[in-house]
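S.K.: Pasting a predicted model and its sequence here:
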Amino acid sequence: MLSDPFGRHIEYLRLSVTDRCDFRCFYCLPRSHRDFETPSDWLTPDEIERLVSQFAVLGVKHVRLTGGEPLVRKELNDIARRISGVPGIEELSLSTNASRLSQFAESLSAAGVRRLNISLDSLDEKKFQEITGSQLKPVLEGIETAKTCGLSPIKLNMVVMRGINDDEVESMVAYCIEHELTLRFIETMPVGKGGQSASEHYMPLSEIETRLKKRYSLKPAAMRGSGPARYFQIDESNLVVGFITPQSQHFCDTCNRVRMSVTGDLHLCLGQEDSLALRPMMRAGASDQEIREAIKSAIARKPERHHFDEAPTAIIRPMSALGG
Ligand code: SAM
Ligand code: SF4
């Protein structure tokens, strides 16, 4: 089992399969961003399978495919199929903006993807376009297709921003009740230029919780999952809402994850810069044993917590590099 010096067990790998995206959510990937990784530096499906196998030997059980937008990577189905075939990997999930999900939901389900997180910050076409630079309709169609393909559970992630979409919280609740989806609210994080520019719209989720409690009765709910959200069931509905509060109430003491970039850099914390470059090791002929030893020594350096409060401009990589 992989453990860090703070007694946290690492069982969850978030794997970025691309740093590119067909959206430009302003809080994540600003339009001015040009510094994308070159394809020859991307981990190949073979390399991904090999690395995931080594993580699995070390006790990792859950892999999430993320990005950028994972569905823009042409080899995504192949990558998903290989990972779900790795002994020890019990769960393969996907984070997506859903714009291409209508086309790919069925094949991804056949490749072993189960749980789905979908970004959706607005149900208003104009506002959606302002936030993401893209169209709402294919996203809503993608969500419907994913449901019919049996991908489950589906959780919608809404980054709540004051003055931008905080007026849509109740309509998002109604949408998720109607479509039988889980809804999670997320606070903005000051990661990269986009995240830092969104800080002026930062809103502590305690405000949303208070607002919802005036309208609904919220009962604490248990939700199977690997993440940091606090969940509540909204009375008289099946809707479960989650609150993810990286800024106002950080959850670093229960962090069970590490992240890998498309180029094979193993990042120990989303809010810190320390990483281990695994691709050069692999391409220089390192053995599986050597790779596992390197992973273990990197985990031994996993920081105790992020410092978004104390150093809000420290992280210059965009969120799209590691996938949240
Ligand atoms: N493209 C996929 C998507 O949008 O779901 C996967 C990658 S995206 C970076 C993963 C998650 O990070 C999304 O839910 C997105 O809303 C969130 N995110 C991106 N930038 C953020 C920021 N600055 N603060 C908080 N959440 C952010
Ligand atoms: Fe792309 Fe997801 Fe970032 Fe939006 S949040 S720009 S969809 S990677």
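M.R.: Right, received. Where do you want to start? Ligands and ions are numbered 1, 2, ... in the order given.
S.K.: Quick one: classify Gly142 as helix, strand or coil.
M.R.: What DSSP: H, G, I helix; E, B strand; the rest coil gives for Gly142 is helix.
S.K.: these two touch, right, it and Glu106?
M.R.: No. In this structure, Gly142 is not within contact of Glu106 by CB atoms under 8 Å, at 11.7 Å. C-beta: built from backbone N, CA, C; applies to glycine.
S.K.: ok, the nearest residue to Asp265 once chain neighbours are set aside - how many residues close by?
M.R.: Leaving aside its sequence neighbours, Asp265 sits nearest to Ser275 (CB to CB, 6 or more residues apart in numbering; 4.4 Å). By the criterion of other CB atoms under 10 Å, Ser275 has 20 neighbours.
S.K.: List the beta-bridge partners for Ser275.
M.R.: Counting by DSSP bridges, Ser275 forms beta bridges with His267.
S.K.: and it, how far is that from Ser171?
M.R.: Distance of Ser275 to Ser171, given as CB to CB, to the nearest Å: 39 Å.
S.K.: still on that earlier bit, of Gly142 and Glu106, give the one with the bigger neighbour count.
M.R.: Relative neighbour count places Gly142 above the other of Gly142 and Glu106, with 23 against 16, counting by other CB under 10 Å.
S.K.: can you pull the contacts of that one?
M.R.: With contact set as CB atoms under 8 Å, 6 or more residues apart in numbering, Gly142 has these partners: Thr96, Ala98, Ser99, Arg100, Leu101, Ser102, Ala105, Ile118.
S.K.: follow-up on the earlier one: and the pLDDT at the residue nearest to Asp265?
M.R.: Note for Ser275: predicted pLDDT of 92.
S.K.: residues in contact with it?
M.R.: Contacts of Ser275 by CB under 8 Å, 6+ apart are Ser261, Asp265, Leu266, His267, Leu268, Ala298.
S.K.: do that again at 10 Å, thanks
M.R.: Shown in contact with Ser275 (CB atoms under 10 Å, 6 or more residues apart in numbering): 258-261, 264-269, 298, 301, 317, 322.
S.K.: What subset of those residues is buried?
M.R.: Applying 16 or more other CB atoms under 10 Å to those, the neighbour count classes 258-261, 264-269, 298, 317, 322 as buried.
S.K.: sorry, back to before: so which of the contacts of Gly142 belong to helices?
M.R.: The helices, defined by DSSP state H, take in Leu101, Ser102, Ala105 from the contacts of Gly142.
S.K.: The residue lying closest to Gln247 once chain neighbours are set aside: neighbour count?
M.R.: Distances taken as CB to CB, 6+ apart place Glu187 nearest to Gln247, at 4.8 Å, with adjacent residues excluded. Residues lying near Glu187 (other CB under 10 Å) number 21.
S.K.: I'd assumed Tyr202 was in contact with Glu187.
M.R.: Yes. Glu187 is within contact range of Tyr202, at 6.7 Å (criterion: CB atoms under 10 Å).
S.K.: Now the common contact residues for the two.
M.R.: In terms of CB under 10 Å, 6+ apart, Glu187 and Tyr202 are both contacted by the residues Val160, Met161, Gln247, Ser248.
S.K.: between those, which is closest to Phe36?
M.R.: Checking the shared contacts of Glu187 and Tyr202 against Phe36 by CB to CB gives Met161 as the nearest, at 25.4 Å.
S.K.: The closest one belongs to a helix?
M.R.: No. Assigned with three-state DSSP, Met161 falls outside any helix and is coil.
S.K.: burial measure for it, as a count.
M.R.: The burial count for Met161: 22, using other CB under 10 Å.
S.K.: Can you report how many residues lie near the residue of the stretch 201-324 of the chain found nearest ligand 2?
M.R.: The nearest approach of the stretch 201-324 of the chain to ligand 2 comes at Ser320, 4.1 Å away (CB to the nearest ligand atom). Residues near Ser320, counting by other CB under 10 Å, number 27.
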